[in-house]
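Colleague: Here is a sequence with its predicted model. Questions after.
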Amino acid sequence: MSQSTSRRSFLRDLGLTTAALPFMMNLPSLGFANTAVRKKRLIVMFSPNGVVPWNFWPDEEGDSFTLKESLAPLEPFKDKMLVMHGVCDKVRGDGDSHMRGMGCLLTGIELFPGNIQGGSHTPAGWSTGISLDQGLKTFLQSNPKTRTRFGSLEFGIMVPDRADTWTRMSYSGPNKPVAPIDDPYQMFNKLYGQLKDQESLKSVLDEVQADLQKLRSIVSAEDRHLLDEQATFVREMEQELKSSATSKIVHAVPELDAGIKEENDNIPQISRMQIDLLVNSLAADFTRIATLQYTNSVGQAKMRWLGIDEGHHSLSHHDNDNEDSQEKLTRINKWFAGELAYLAQRLSDTPELGGTGSMLDNTAILWGNELGQGNSHTLDNIPFVMLGNGLDFNMGRSLKFPKVPHNRLLLSIAHGFGNEVDTFGNPDFCGDGPLTGLS
C-alpha cells in the first residue's frame, strides 16, 4: 500500500477531513513522517546588484577571520558559516551580465537565444538547463524516504509581476522558469489550502479544530507538542495576515519596467512573514528545498527604512569613489545579512524533530547574488556565503579560491545531498569536480 493510500485510509477511518493533512504529515507516532534518514535541507537566498567588495570580503583566510560591515549581523553564526571568495560565474553567451548572472546562478549553463533585450549585450531568453534547487527536488522526491508534500517551495519578496530572465532563478528544466510566490496570502493558501482571499480571511483552524482534537488523543506527547506548536503558528499567522489586510500593509506587486514608483516600505514585514512561513514549512516537513528571492536582478527597491531613497540598482552603478553611494550599498547588504541572520536564528531555535540538534544543524543556507559588483557588472567573485551544518562541510572559515567556476560549488552541494552527479550545468566548467576544501 502506498503512503498516500494509507493516509486516505487513516483519514477515512478516523473521520478526519483532508484539511487536517498539513498538520499530521510530520508526526512520527502516526507513521507518516520520514524519520528513518537524516533530513538534509537546502535554502537558497538571493539578493541583487552585487556588493561593495572592500566592505564584504574578510581579509583573512582560514578559521580566524573578521567579518566586515556587510556581514556583521552574521557574527553569532560565524562558526557555522563559509565565506567563499573567488567563486566565479564563467557562463557566457547570450544576454547581459545581469541576465546571465540571474539565469545561470543556479543552473550553471547558458541562456537560450531570445528577444529579451538588456544592457548593451545581445538579447536572450530563459536558461537552457535545470537549476540546482529543482534538480535536488527531483532527486529527493524520487526516494520515498526523502519525499515531501511539495518537494520545493519558492518564496519571494517584492518580485515584479512579470516574467523575464531578470526575475527568475529557478528552472524545472530548459525553458521552464519557476515563479516565486511573493504574497504571504498566496503562500499561506498553498501550504494550508483554506485561505480564501485577503478580503474574507477564513480561519484554517476553525475548519479543523475537531480533527486536531482527535489527532491529539492518539499521538505521543512529543507529537502533541508539535501539533500545538503548529496550530499556534497558524493562528498567529492568520492574525498577522488579518492585521496586514486591515492596515493595507501587504504590498501590491510593483511594476519595475520603467523605474520604481511603488511604495515598498513594507518589505521588512513581508520578509519576516515569508521567513516565518518558510521555517514552519521546513519544520512541518512540507519540503526540504526552498528558495528565498529578494526582488530581482536589477531590482530597484527603495530601502527608505534604512534612510535610503534611491533605487538599489541605480545606486549600484555609482563609481567606487562615490563614498555616499558605497556606504548606502554597504547598509543595504548589511540589511540582507540581517534577514539571513533572522532566518538562521529561527532555524537554530527550532529543535530537530526525531533527530539531534537544531534545524540549523541539518540545513544549508546558500546566499548568492547575480553579480560580484554592480558598477562593473563583473561575474567574478560572486558573493557566496553558506551558513548551517546541513551538508557536513567544515564550517567557520573564510575561503579564497583561484577564480573557480561556480558550477563546482553547485556540484559540491549536489554531492552533499548524496546526488553523485559528474557535472552540473555546463560540463566544461565541471572538469575538476566538486570544490576542494569544503569538507
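Modeller: Thanks, I have it.
Colleague: And what about residue 277, helix, strand or coil?
Modeller: Secondary structure, DSSP: H, G, I helix; E, B strand; the rest coil: residue 277 is helix.
Colleague: how close does the residue nearest to it when sequence neighbours are not counted sit to residue 23?
Modeller: Distance criterion Cβ to Cβ, 6 or more residues apart in numbering; nearest residue to residue 277, sequence neighbours excluded, is residue 187 at 5.4 Å. (C-beta placed from N, C-alpha, C; glycine too.) Distance, residue 187 to residue 23, by Cβ to Cβ, to the nearest Å: 17 Å.
Colleague: Do you know the pLDDT at residue 332?
Modeller: Residue 332 carries a pLDDT value of 98.
Colleague: Any stretches of the stretch 101-250 of the chain with poor pLDDT?
Modeller: For the stretch 101-250 of the chain, the stretches with pLDDT under 70 are 120, 194-202, 243-250.
Colleague: Can you show me the helices along it?
Modeller: Assignment of helices within the stretch 101-250 of the chain using DSSP state H, counting those that start in this stretch yields the ranges 132-141, 184-192, 204-218, 221-247.
Colleague: Of these, flag the one that's most buried.
Modeller: helix 132-141 (a mean of 23; mean count of other Cβ atoms under 10 Å).
Colleague: which residues sit against that helix?
Modeller: Here helix 132-141 makes contact (Cβ atoms under 8 Å, 6 or more residues apart in numbering) with 42, 44, 106-108, 130, 146-148, 151-152, 170-173, 178, 288-291, 410, 413-414, 417-419, 424.
Colleague: How about stretch 96-103?
Modeller: 48, 89, 91-93, 95, 110-111, 116, 118-121, 124, 126-127, 165-169, 171, 296-298, 369-371, 377-379, 382.
Colleague: Show me the residues you listed that map onto strands.
Modeller: Using DSSP state E, the members of these that fall in strands are residue 171.
Colleague: Give me the buried subset of the contacts of stretch 96-103.
Modeller: Among those, those classed as buried by 16 or more other Cβ atoms under 10 Å are 48, 89, 91, 93, 95, 110-111, 116, 118, 121, 124, 126-127, 165-169, 171, 296-298, 369-371, 377-379, 382.
Colleague: OK, contacts around residue 167?
Modeller: 102, 159-160, 296-297 are the contacts of residue 167 under Cβ under 8 Å, 6+ apart.
Colleague: any idea which of these is closest to residue 221?
Modeller: When those are compared for distance to residue 221 (Cβ to Cβ), residue 159 wins out at 41.5 Å.
Colleague: so what's the nearest residue to that closest one once chain neighbours are set aside up against?
Modeller: Leaving aside its chain neighbours, residue 159 sits nearest to residue 182 (4.5 Å; criterion: Cβ to Cβ, 6+ apart). Counting by Cβ under 8 Å, 6+ apart, residue 182 touches 155-159, 253, 270, 274, 293.
Colleague: how much space between residue 182 and residue 127?
Modeller: Where residue 127 is concerned, residue 182 sits at a distance of 20 Å (Cβ to Cβ).
Colleague: all strands of the stretch 301-439 of the chain, in order?
Modeller: For the stretch 301-439 of the chain, applying DSSP state E, counting those that start in this stretch gives strands covering 363-368, 384-387, 397-405.
Colleague: one step back: identify the farthest-apart pair in the contacts of residue 167.
Modeller: Greatest spatial distance in the contacts of residue 167: 102 and 160, 12.5 Å, computed using Cβ to Cβ.
Colleague: Touching both of the two, which residues are there?
Modeller: Common neighbours of residue 102 and residue 160 (Cβ under 8 Å, 6+ apart) are 167, 296.
Colleague: And residue 272, its phi and psi?
Modeller: In this entry, residue 272 is assigned phi and psi values of phi -70, psi -40 (degrees, to the nearest 10).
Colleague: rewinding a little: report the contact partners of the residue nearest to residue 277.
Modeller: By Cβ under 8 Å, 6+ apart, residue 187 lies in contact with 153, 155, 181, 274, 277.
Colleague: change it to 10 Å
Modeller: Contacts for residue 187 (Cβ atoms under 10 Å, 6 or more residues apart in numbering) come out as 153-156, 180-181, 195, 237, 273-274, 277-278, 281.
Colleague: Tell me the one of those residues nearest residue 389?
Modeller: residue 278 (18.2 Å).
Colleague: And for that closest one, the neighbour number?
Modeller: Counted by other Cβ atoms under 10 Å, the residues lying close to residue 278 total 23.
Colleague: That one and residue 292 touch, don't they?
Modeller: Yes: assessed by Cβ atoms under 10 Å, residue 278 is found in contact with residue 292 at 6.4 Å.
Colleague: who touches both of these two?
Modeller: Counting by Cβ under 10 Å, 6+ apart, the shared contacts of residue 278 and residue 292 are 43, 45, 153, 155, 343.
Colleague: these two touch, right, residue 414 and residue 434?
Modeller: Yes: Residue 414 is within contact range of residue 434, at 8.3 Å (criterion: Cβ under 10 Å).
Colleague: so what sits against both of these two?
Modeller: Contact criterion Cβ under 10 Å, 6+ apart; residues shared by residue 414 and residue 434: 420, 424.
Colleague: hang on, the earlier thing: quick check on the contacts of helix 132-141: which are buried?
Modeller: For the contacts of helix 132-141, a burial check counting by 16+ other Cβ under 10 Å picks out 42, 44, 106-108, 130, 146, 148, 151-152, 170-173, 178, 288-291, 410, 413-414, 417, 419, 424.
Colleague: where does the nearest residue to residue 71 once chain neighbours are set aside land on pLDDT?
Modeller: The shortest distance from residue 71 to any non-neighbouring residue, by Cβ to Cβ, 6+ apart, is to residue 337 (5.4 Å). On pLDDT, residue 337 comes in at 98.
Colleague: circling back to that earlier point, the residue nearest to residue 159 and residue 291: what is the separation?
Modeller: For residue 182, the distance to residue 291 (Cβ to Cβ) stands at 11 Å.
Colleague: what residues are shared contacts of the two?
Modeller: Here residue 182 and residue 291 have 154-156 as joint contacts, going by Cβ under 10 Å, 6+ apart.
Colleague: Narrow those residues to those in strands?
Modeller: Among those, the members falling in strands (DSSP E) are 154-156.
Colleague: Perfect, I'm done here.
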